[in-house]
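**Student:** Would you be able to build a 3D model of this:
(one chain, ligands or ions: 4)
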Amino acid sequence: MMRKRFAESQPVYGAASWKRWTAFGKGWSLLLVGLLPLLAGAQGVREAWVARYNGPGNGTDYATALAVDSQGNVYVTGWSWGSGTNYDYATVKYDANGNELWVRRYNGPGNGWDDAFALAVDSQGNVYVTGSSVGSGTGSDYATIKYDANGNELWVRRYNSPGNGGDAALALAVDSQGNVYVTGVSEGSGTGRDYATIKYDANGTQLWVRRYNGPGNSEDVARALAVDRQGNVYVTGWSIGSGTGDDYATIKYVPCPGPCPGDVDGNQLVDDSDLLRVLFAFGQGGNLPEDLNCDGVIDDADLLIVLFNFGRGC
Ligand SMILES: [Ca+2]
Ligand SMILES: [Ca+2]
Ligand SMILES: [Ca+2]
Ligand SMILES: [Ca+2]
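**Tutor:** Residues are numbered from 1 along each chain as shown. Ligands and ions are numbered 1, 2, ... in the order given. Next comes the predicted model:
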């Protein structure tokens, strides 16, 4: 009997306890189920702020590009209806809380349609924008602007194509030295529209322009650009081929002279093989690695670069 009572009492006590514990457990289970997405790393999102910008013309304003810096400041640009100036670039800096710190507008010399398409910010907070801006008798041109962190305009550089037609910069990058690279679409001279890629130094001095006309001798539009730590520049876009319609066309530009002057074959040493390559290519023109000073022909100057650096490792 004792055994039975004990045996009977156990489940009674046990059931009540179990009910309490299971009820408690269910509560925890539900809580855990609720927390599980967070524990698993899934997160919600909340709208911290919305900042709107209406230009002085109270008309159409289109933002096209955005960047954020290490302090959480946010930069946007685009095109914005002005007051008697048609569309202008309008670049806005917000702090991390969405407060508008400054607005800078740019109206080109043609007092016409000016559209910013790309923006970047560097580690000093300098802001770079580029796009298409109507010139004075030049159609639209690239117009690239550098602002300091306070929005002071440091320089504006314009580029008009050899075809004196429509030009629109569509992409921009800045490297760690503050060199600025832009690319886009630019009217050629008998080549339809071409890629045109430009490098400016930190002071806005134009260092080079390179154009690309595809095999279809027709429309070529560069849409994106990147620069790596060695200063190699990459652009891509769409380009009419020869019987292939539009194709991707991706180009790498290497700096000239390179980081290891005289090193033609890229083995980080200036030696016999580099000398032989320059001698073998001597007198040739065109876009060759033996053209060490990039003047379009392999000549004495290139030979001197090899001889001057002979034996040097990089
Ligand atoms: Ca508006
Ligand atoms: Ca304008
Ligand atoms: Ca132009
Ligand atoms: Ca072309």
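**Student:** contacting residues around V134?
**Tutor:** V134 makes contact with 86, 108-114, 140-141 under the criterion CB atoms under 8 Å, 6 or more residues apart in numbering. For every residue, glycine as well, the C-beta is placed using N, CA and C.
**Student:** Specify the beta-bridge partners of it.
**Tutor:** Following DSSP bridges, V134 is listed with bridge partners S140.
**Student:** Let me see the contact set for N164.
**Tutor:** Neighbouring residues of N164 by CB under 8 Å, 6+ apart: 138-139, 187.
**Student:** Can I get these in TSV including neighbour count and distance to L154?
**Tutor:** Formatted as TSV, the contacts of N164 follow (neighbours: other CB atoms under 10 Å; distance: CB to CB, whole Å):
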residue	neighbour count	distance to L154
T138	19	23
G139	17	26
E187	20	28
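**Student:** What number of residues are in the vicinity of E100?
**Tutor:** 12 (other CB atoms under 10 Å).
**Student:** Name whatever forms a beta bridge with G313.
**Tutor:** Residues in a beta bridge with G313, per DSSP bridges, are L269.
**Student:** pretty sure it is touching L269, no?
**Tutor:** Yes. Applying CB atoms under 8 Å, one finds G313 in contact with L269, separated by 5.1 Å.
**Student:** Any residues of this protein in contact with ligand 4? List them.
**Tutor:** 191-192, 194, 213, 220 (CB under 5 Å from the ion).
**Student:** ok so, going back, for ChimeraX, what selects the buried ones among the contacts of V134?
**Tutor:** The buried residues among the contacts of V134 can be selected in ChimeraX (16 or more other CB atoms under 10 Å) with this line:
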select :86,108,109,110,112,114,140,141
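**Student:** The contacts of V134 in strands, which ones?
**Tutor:** 114, 140-141 (DSSP state E).
**Student:** CSV for these, including pLDDT?
**Tutor:** As requested, the ones in strands among the contacts of V134 are exported to CSV (pLDDT from 0 to 100):
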residue, pLDDT
D114, 98
S140, 98
D141, 98
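**Student:** picking that back up, more neighbours: which of G313 and L269?
**Tutor:** Neighbours were counted for G313 and for L269 using other CB under 10 Å; L269 has more, 18 against 11.
**Student:** quick one, what contacts the residue lying closest to R223 once chain neighbours are set aside?
**Tutor:** The shortest distance from R223 to any non-neighbouring residue, by CB to CB, 6 or more residues apart in numbering, is to G237 (4.2 Å). Contacts for G237 (CB under 8 Å, 6+ apart) come out as 183, 185, 195, 220-224, 248-249.
**Student:** same for ligand 2: which of the contacts of V134 are within range?
**Tutor:** Within the contacts of V134, those near ligand 2 by CB under 5 Å from the ion are 86, 114.
**Student:** Just the buried residues of the contacts of G237.
**Tutor:** 183, 185, 195, 220-222, 249.
**Student:** Buried residues, stretch 288-301. List them.
**Tutor:** So, applying 16+ other CB under 10 Å, buried residues of stretch 288-301: 288-292, 298-299.
**Student:** For the stretch 201-314 of the chain, give the residue positioned nearest to ligand 2.
**Tutor:** Nearest residue of the stretch 201-314 of the chain to ligand 2: G204, at 20.8 Å (CB to the ion).
**Student:** how about that residue, what does it touch?
**Tutor:** 146, 154-157, 180.
**Student:** Could you give the secondary structure assignment for V278?
**Tutor:** helix (DSSP: H, G, I helix; E, B strand; the rest coil).
**Student:** Check the contacts of V134 and tell me the two furthest apart.
**Tutor:** Using CB to CB, the contacts of V134 reach their maximum pairwise distance at N86 and D141, which is 14.9 Å.
**Student:** Could you give the number of residues near the nearest residue to E100 once chain neighbours are set aside?
**Tutor:** In this structure, E100 finds its nearest non-sequential neighbour in Y94, 5.7 Å apart by CB to CB, 6+ apart. Here the count is done by other CB under 10 Å, and Y94 has 19 residues near it.
**Student:** swap in S242?
**Tutor:** Under the criterion other CB under 10 Å, the count of neighbours that S242 has is 10.
**Student:** Identify the residues contacting it.
**Tutor:** Counted by CB under 8 Å, 6+ apart, S242 has contacts 215-216.
**Student:** Now it: which helix or strand?
**Tutor:** For S242, there is no helix or strand it lies in under DSSP states H and E.
**Student:** okay, it: pLDDT?
**Tutor:** Note on S242: pLDDT of 96.
**Student:** just to revisit the earlier point, and the ones in strands among the contacts of V134, which is closest to V127?
**Tutor:** Using CB to CB, the ones in strands among the contacts of V134 come closest to V127 at D114, 16.5 Å.
**Student:** G135 is in contact with that closest one, correct?
**Tutor:** No. The pair D114 / G135 is not scored as a contact, 10.0 Å apart, by CB under 8 Å.
**Student:** Which residues are in contact with each of those two?
**Tutor:** Residues touching both D114 and G135 (CB under 8 Å, 6+ apart): G108.
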